[in-house]
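Chemist: quick one: sequence plus predicted model below, questions after.
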Amino acid sequence: MAASLPYLASNKNVGVLFDKIASAKLPEKFTHSFLTTTIGLKGTNDRSLIPLLRNMGFIDQSGTPLPAYRLLKGHTNRLPSRVG
């Protein structure tokens, strides 16, 4: 059965999100405040990125980073989000 991912009004900041996660400190909780202040994504459409991270298994229901989130911090395992 296919995963049911949350609706994103815009996907333009998905790459930015993952780039910023790689360079930002590991939060105790990935909250709306962390998204706006540390990651720098302040738009109302960017709020839907938190449920996306939750559904992809990077954070749990309370916003606590899971082991998969820590893999995003490893620069050697990441592909560049933008090519060209």
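Modeler: Here it is on my side, so go on.
Chemist: can you give me the helices for the chain?
Modeler: Residue ranges of the helices in the chain, as given by DSSP state H, are 14-23, 32-34, 49-55, 67-72.
Chemist: need those helices in a markdown table (columns: mean pLDDT, distance to P6 and mean neighbour count).
Modeler: Where C-beta positions appear, they are placed from N, C-alpha and C, glycine not excepted. What follows is those, written out as a markdown table (pLDDT from 0 to 100; distance: least, CB to CB, whole Å; neighbours: other CB atoms under 10 Å):
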| stretch | mean pLDDT | distance to P6 | mean neighbour count |
| --- | --- | --- | --- |
| helix 14-23 | 95 | 12 | 16 |
| helix 32-34 | 97 | 14 | 13 |
| helix 49-55 | 95 | 4 | 18 |
| helix 67-72 | 94 | 17 | 13 |
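Chemist: mind putting those helices into CSV with distance to G40?
Modeler: Converted to CSV, the helices of the chain look like this (distance: least, CB to CB, whole Å):
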stretch, distance to G40
helix 14-23, 6
helix 32-34, 10
helix 49-55, 12
helix 67-72, 16
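Chemist: those: which one's closest to S4?
Modeler: helix 49-55 (7.4 Å; CB to CB).
Chemist: what's in contact with the closest one?
Modeler: Contacts of helix 49-55 from elsewhere in the structure, counted by CB atoms under 8 Å, 6 or more residues apart in numbering, are 3-6, 8, 13-14, 17, 30-32, 35, 41, 59-61, 63, 69.
Chemist: count of neighbours near the residue lying closest to T31 once chain neighbours are set aside?
Modeler: Using CB to CB, 6 or more residues apart in numbering and skipping residues adjacent in sequence, the residue nearest T31 is G63, 5.5 Å away. The number of residues packed around G63, counting by other CB atoms under 10 Å, is 17.
Chemist: other residues contacting stretch 11-29?
Modeler: For stretch 11-29, using CB under 8 Å, 6+ apart, the contacting residues are 8, 34, 38-41, 43, 45-46, 49, 52-53, 62-65, 69-70, 72-73, 75, 78, 81-82.
Chemist: done for today, thanks.
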